[in-house]
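Model the structure of this input:
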Amino acid sequence: MTEPPIARITAEIRARYWDLPGQLAKRRRDAHNTYMRSYMREVYRQAHPRLDVTLSQAQYRVLEQAARRSGRPVTAFLREAAFAYLEQHYVVPRDTEQTLHALVYQLRAAGNNLNQLAHHANTKRRATAEDVRQARELLTTMEAAITRFVRCPPSVSTPG
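Residues are numbered from 1 along each chain as shown. Below you'll find the predicted structure:
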């Protein structure tokens, strides 16, 4: 007995088009992958050159320890250290950076207090020479402490 024509046609359509959504998704994925390979080769890698560095085990251990102390991954630390050297500034460890931020906060608070004292002295005309001397002495002490900290932070060891 032969199959009715409608059943045969339906079976043929199903066989041919059943996986059409999957085929379309695969085509989209393939087109996207082709585009991304082209983009990486022609645009991204041109704008972001990559360098390979060969280190001895001892050099790598020293670099790894320094990166760990700074709280950064080794590659990020190496990049930051190289540019810090070129731009003549420091790569500050995370804990020291937090201490510096706290110090800046304290300095701002001291500056606000000093402004309030100056405003009070200007409006009341009652600042004595001793008040000014004490304020200046406190600022000098704070400046010396900050200068010592910046020149030789506690986590930075000086070579012997």
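
Report the distance from the strand or helix carrying Q65 to the chain centre.
If you go by DSSP states H and E, Q65 is part of helix 57-70. With C-alpha atoms, centre = their mean, to the nearest Å as the basis, helix 57-70 stands 19 Å off its chain's centre.

And the helices in this structure, which stretches?
5-17, 20-39, 45-47, 57-70, 74-87, 94-124, 129-151 (DSSP state H).

Can you give the domain ranges for the chain?
Split into domains by automatic domain parsing, the chain comes to 1-49, 51-91, 92-154.

could you redo the ones you listed as TSV and give each row mean neighbour count?
C-beta coordinates here come from the backbone N, C-alpha and C atoms, glycine included. What follows is the domains of the chain, written out as TSV (neighbours: other C-beta atoms under 10 Å):
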stretch	mean neighbour count
domain 1-49	10
domain 51-91	13
domain 92-154	12
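
could I get the ones you listed as JSON lines with mean pLDDT?
Output for the domains of the chain, formatted as JSON lines (pLDDT from 0 to 100):
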{"stretch": "domain 1-49", "mean pLDDT": "86"}
{"stretch": "domain 51-91", "mean pLDDT": "91"}
{"stretch": "domain 92-154", "mean pLDDT": "78"}
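
which residues touch R125?
R125 makes contact with no residue, according to C-beta atoms under 8 Å, 6 or more residues apart in numbering.

so what's the backbone phi/psi at it?
phi 60, psi 40 (degrees, to the nearest 10).

now it: how far from L78?
59 Å (C-beta to C-beta, to the nearest Å).

cool, and L24?
45 Å.

Likewise for L114?
Counting by C-beta to C-beta, the gap from L114 to L78 is 42 Å.

And for L51?
Relative to L78, and taking C-beta to C-beta, L51 is found at 10 Å.
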